[in-house]
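**Q** Below is the sequence, then the predicted model.
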Amino acid sequence: MPRDWTGSGVDLHLDLDPSRGRRAGLEHALRAAIATGRLAPGAALPSTRALSAELGLARGTVTAAYDQLAAEGYLTAAPGSRTRVAETAGPAPAPAAGRPAPPAAPAHDLLPGRPDLSAFPAEAWLRSTRRVLSAAPPEAHALGDPRGRPELRAALAAYLGRARGVHTSPERIVVTSGYAQSLGLLTGVLAEAGTAAVAMEEPGHPFHREIVRRAGAEIVPLPVDEHGALPGALGGAGAAVLTPAHQYPSGATLGPGRRRAFAAWARRTGGVIVEDDFDGEFRFDRRPVGALQGTAPDHVVYAGTASKTLAPAMRLAWTALPARLVEPFAEAKRLADAHTQSLAQLVLADLIGTHAYDRHVRASRLRYRRRRDLLVETLRARAPRVRVRGVAAGLHALVLLPDGGPSEDEVMARAAALGLALMPLRGHWQDPEGRPQGFVVGYSTPSGPGYRPALAALCAALDP
């Protein structure tokens with residue numbers, strides 16, 4: 001009768017040397033696996049019954065080999081429990097000489113771009129996960145439509161229409177693994193359709209510029225002032241990437257006249273506007289301004305993400321596309337990674353459908369408003385020479401340095417001495433020479449008790 005390996009419990013690959021004999025060959029193979037680290041300290045071994053069946057040896061032979069290695073200190077065993085590799089067995093750890101030490105975490109972190117991860121709605125996420133796992137059909141765990149799970153696309157179409165004024169349908173939404181993927185795929189699709197130049201805000205996100213460059217597009221700088229990007233600088237661009245609700249990093253909101261001008265440009269030229277609505281839900285002094293996409297849904301690609309509302313490591317984002325771009329974008333998504341993982345999509349759909357997502361956004365909005373207010377008040381009292389720019393919104397504020405100094409380099413040196421992580425403005429310019437100097441301060445990252453000490457360190461670095 002052929003041996004059956006399907007139920008042996010713990011899989012273990014061993015190369016037995018027949019010239020050594022059965023028991024000696026097994027002992028030698030086990031010692032070698034432990035010595036080379038293939039069997040790590042604490043690893044469980046198969047039962048003697050399972051291993052004897054797998055190797056075609058007598059059970060007594062395997063028992064004797066286990067006993068011998070236990071006597072030598074390689075294995076440990078106790079009545080009623082599995083045989084395991086001894087904690088002291090295995091190769092010696094590699095010497096640390098020559099290895100760079102991992103960077104120490106800063107004592108205070110005011111870098112932008114992340115939500116308050118300590119406020120992740122773990123209980124609501126767990127409840128939704130349980131509901132999803134109990135109700136999801138088996139095919140939910142297979143690769144499906146590259147546009148994403150229909151449950152999430154339907155939930156997003158309803159939510160975005162209600163909360164952000166987006167005009168779309170589930171058929172025109174594609175779920176991606178983060179906004180970075182959305183931007184890269186879209187730039188490639190537009191390039192294949194003949195778009196050689198993409199206008200991007202100046203200053204703007206340096207990582208996003210690199211994504212567009214890597215896709216082969218020329219970048220046309222769009223200057224930004226207190227009313228957002230200037231449509232008159234579009235030049236020969238065939239697409240424009242904008243952050244209308246809360247420009248990054250200046251914090252400006254695109255004015256009504258400019259919103260109309262960009263929409264008119266897209267209609268007149270057939271150009272495409274990419275609306276990066278990265279933190280549009282978080283407006284503190286008034287109701288959030290509606291999405292630009294709602295004014296020109298056939299010319300604006302709306303891009304949203306869970307990175308600022310929930311967590312960036314979730315890698316969940318969405319694009320609401322004009323009808324003509326849905327199929328080429330979905331095909332680009334299919335060729336890139338086939339499908340964004342389904343479980344998180346289904347859980348997010350449940351969060352939205354039960355309004356737990358709305359409750360979390362409202363609670364976050366209140367928390368971030370208080371943090372921004374405290375930032376502004378603290379700087380006004382303790383570093384009065386700096387200027388805070390931008391509307392009361394989002395997860396960051398632009399802090400401009402006075403003309404007479406200090407410089408970004410001087411502040412960065414003092415911040416390093418204080419254990420404070422800061423993001424200088426200079427990296428956001430394509431050409432930083434002669435530009436205003438300052439810092440993009442993220443006020444969402446420090447945990448509750450760590451926020452005031454971080455602000456104290458910031459003031460000491462700005463105005464010692």
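**A** Done, it's in. All figures in this text were calculated on a predicted structure; none of them were measured in a lab. Residues are numbered from 1 along each chain as shown.

**Q** what mean pLDDT does stretch 21-41 have?
**A** Over the span of stretch 21-41, the pLDDT mean works out to 91.

**Q** and the closest residue to V132 other than its chain neighbours, what element?
**A** Nearest in space to V132, with sequence neighbours left out and distances taken as Cβ to Cβ, 6 or more residues apart in numbering, is L346 at 4.4 Å. Where C-beta positions appear, they are placed from N, C-alpha and C, glycine not excepted. In the assignment (DSSP states H and E), L346 maps to helix 342-353.

**Q** helices or strands next to that helix in the packing?
**A** The helices and strands touching helix 342-353, judged by 3 or more Cβ pairs under 8 Å, 6 or more residues apart in numbering; DSSP states H and E, are helix 122-135, helix 150-164, helix 356-382.

**Q** distance between it and the chain's centre?
**A** Taking the mean C-alpha point of helix 342-353 and that of its whole chain, the gap between them comes to 17 Å (Cα atoms, centre = their mean, to the nearest Å).

**Q** Out of the helices and strands packed on helix 342-353, which one sits most buried?
**A** Stretch with highest mean neighbour count among those: helix 150-164 (a mean of 20; mean count of other Cβ atoms under 10 Å).

**Q** Run the angle between it and helix 356-382 for me.
**A** 40 degrees (axes from the mean of the first three to the mean of the last three Cα atoms, to 10 degrees).

**Q** and the next helix or strand after helix 150-164, which strands flank it?
**A** With elements assigned by DSSP H and E, the helix or strand that comes after helix 150-164 is strand 173-176. In the sheet, strand 173-176 lines up against strand 317-320 (antiparallel) (DSSP bridges).

**Q** who touches the residue nearest to V132 in this structure?
**A** Under the criterion of Cβ atoms under 8 Å, 6 or more residues apart in numbering, the contact list for L346 reads 132, 136, 140, 149, 151-152.

**Q** Centre of the chain to stretch 56-63, how far?
**A** In terms of Cα atoms, centre = their mean, the gap separating the centre of stretch 56-63 from the centre of its chain is 51 Å.

**Q** So for it, what gets flagged as buried?
**A** Within stretch 56-63, the residues that count as buried by 16 or more other Cβ atoms under 10 Å are 57, 61-63.

**Q** Reformat the helices and strands packed on helix 342-353 as CSV; add mean pLDDT and distance to L292.
**A** Shown next, in CSV, are the helices and strands packed on helix 342-353 (pLDDT from 0 to 100; distance: least, Cβ to Cβ, whole Å):
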stretch, mean pLDDT, distance to L292
helix 122-135, 96, 30
helix 150-164, 96, 10
helix 356-382, 96, 20
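
**Q** Nearest to R114, out of those?
**A** Proximity to R114, assessed across the helices and strands packed on helix 342-353 by Cβ to Cβ, is greatest for helix 356-382 (11.9 Å).

**Q** which parts of the helix or strand just after the closest one are buried?
**A** Note on helix 356-382: by DSSP H and E, the next helix or strand toward the C-terminus is strand 387-389. Of the residues in strand 387-389, those buried by neighbour count under the rule 16+ other Cβ under 10 Å are 388-389.

**Q** elements contacting strand 387-389?
**A** Secondary structure elements in contact with strand 387-389, counted by 3+ Cβ pairs under 8 Å, 6+ apart, are helix 356-382, strand 396-400.

**Q** now for those, which one comes closest to R214?
**A** Distances from R214 to each of the helices and strands packed on strand 387-389 were compared using Cβ to Cβ; the shortest belongs to strand 396-400, at 24.8 Å.

**Q** Quick one: list the elements packing against the very next helix or strand once past the closest one.
**A** Next helix or strand after strand 396-400 toward the C-terminus (DSSP H and E): helix 408-417. Counting contacts by 3+ Cβ pairs under 8 Å, 6+ apart, helix 408-417 packs against strand 423-424, strand 438-442, helix 451-462.

**Q** Dump helix 408-417 to CSV, keeping only the CA atoms.
**A** As requested, the backbone C-alpha atoms of helix 408-417 are provided in CSV (Å, rounded to 0.1, in the frame of the first residue of the first chain):
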residue,chain,number,x,y,z
GLU,A,408,15.6,75.1,7.5
ASP,A,409,19.1,73.7,8.1
GLU,A,410,19.5,75.4,11.4
VAL,A,411,16.1,74.3,12.6
MET,A,412,16.7,70.7,11.5
ALA,A,413,20.0,70.7,13.4
ARG,A,414,18.3,71.8,16.6
ALA,A,415,15.4,69.4,16.0
ALA,A,416,17.9,66.5,15.7
ALA,A,417,19.4,67.4,19.0
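
**Q** How far off centre is the helix or strand that comes right after that helix?
**A** Along the chain past helix 408-417, the next helix or strand (assigned with DSSP H and E) turns out to be strand 420-421. Per Cα atoms, centre = their mean, the displacement of strand 420-421 from the mean C-alpha position of its chain is 21 Å.

**Q** Could you list the residues in contact with strand 420-421?
**A** Taking contacts as Cβ under 8 Å, 6+ apart, the residues outside strand 420-421 that touch it are 106-111, 415, 454, 457-458, 461.

**Q** picking that back up, of the buried residues of stretch 56-63, which is the nearest to F207?
**A** F207 has its nearest neighbour among these in V62, at 55.6 Å by Cβ to Cβ.

**Q** Can you tell me how far the closest one is from A53?
**A** 10 Å (Cβ to Cβ, to the nearest Å).

**Q** go on, V274?
**A** When distance is defined by Cβ to Cβ, V274 is 60 Å away from A53.

**Q** next one: A78
**A** 23 Å.

**Q** Compare the two (neighbour count), which wins?
**A** Shown here are A78 and A53; by other Cβ atoms under 10 Å, A53 has more neighbours (18 against 8).

**Q** Now tell me which helix or strand of this protein has the poorest mean pLDDT.
**A** Within the chain, confidence by mean pLDDT, DSSP states H and E is lowest for helix 48-55 among all helices and strands, at a mean of 88.

**Q** helix or strand right after it?
**A** Later in the chain than helix 48-55, the nearest helix or strand by DSSP H and E is helix 59-71.

**Q** Tell me who's in contact with D15.
**A** If you count contacts by Cβ under 8 Å, 6+ apart, then D15 has A29 around it.

**Q** Next, it: phi, psi?
**A** Torsion angles at D15 (phi, psi; degrees, to the nearest 10) stand at phi -100, psi 110.

**Q** same thing with T76?
**A** Listed backbone geometry of T76 is phi -130, psi 150, with angles given as degrees, to the nearest 10.

**Q** Distance of the residue positioned nearest the centre of the chain relative to V198?
**A** Nearest to the mean C-alpha position of the chain, by Cα atoms, centre = their mean, lies P312 at 2.8 Å. Here P312 is placed at a distance of 24 Å from V198 (Cβ to Cβ).

**Q** cool, A330 as well?
**A** A330 sits at a distance of 21 Å from V198 (criterion: Cβ to Cβ).

**Q** do P288 as well
**A** With distances taken as Cβ to Cβ, P288 is found 26 Å from V198.
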